[in-house]
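Sequence first, predicted coordinates after that:
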Amino acid sequence: MSNGRLESDPAKRGCGGVRNSGQREPLSRDSADEEDQLWLMIHSGSRALGQAIRDHHLAGSQVVDGPFVRWKLSPSKERPILQDLDWARRYAAASRRAMAAEAGNVIQDAIGGRLLWETSISTDHNHVALEQHDAGKFWVHRKGAYGAAGL
């Protein structure tokens, strides 16, 4: 992480490791498809680290008026933010993999089933990407959606 305050933040929030539910419970579900194959879905993020990263890096930044909330950042601030956000996305992915492995152990013990990792679909819905818009290139944070060009 780019700052020691961010390094210590997980411990303050009580979510010091992957798989720990922290302040919110992760969402997991299972359902059967048309071939009666059981699918497991795990919806869990960076355990509030993304918000801590945002708050840390945007503290004191200039808010610019316009159709969206946006911040004017110096180029020297962009790299640490992007590195920290990438770290949070990798942390969240590792956490979901660990939770899936634990769920797989329970499924194995309970009904003798096993996870088919080769069928795994992994994606997130909270990311930042450099996008071209009419007024220029912007770092855009999308929560809950991918840009239409990426589909």
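Looks like it came in fine.

Quick check: chain neighbours aside, which residue is closest to Leu82?
Nearest non-adjacent residue to Leu82, counting by CB to CB, 6 or more residues apart in numbering: Val128, 6.9 Å away. All C-beta spots, glycine's among them, are computed from the backbone N, C-alpha and C.

beta partners of the one you found?
His141 (DSSP bridges).

Isn't it up against Gln83?
No. With contact taken as CB atoms under 8 Å, Val128 and Gln83 are classed as non-touching, separated by 11.3 Å.

what is the mean pLDDT for the longest helix anywhere in the chain?
Longest helix of the chain, by residue count under DSSP state H: helix 75-111. Averaging pLDDT along helix 75-111 yields 89.

helices and strands around it, which ones?
strand 38-43, helix 49-58, strand 126-133 (3 or more CB pairs under 8 Å, 6 or more residues apart in numbering; DSSP states H and E).

Repeat the analysis, applying 10 Å as the threshold.
For helix 75-111, the helices and strands in contact under the criterion 3 or more CB pairs under 10 Å, 6 or more residues apart in numbering; DSSP states H and E are helix 4-13, strand 27-32, strand 38-43, helix 49-58, strand 126-133, strand 136-143.

Which one, of the ones you listed, ends up nearest to Thr119?
strand 38-43 (8.4 Å; CB to CB).

Give me the angle between that closest one and helix 75-111.
Angle of strand 38-43 versus helix 75-111, following axes from the mean of the first three to the mean of the last three CA atoms, to 10 degrees, is 150 degrees.
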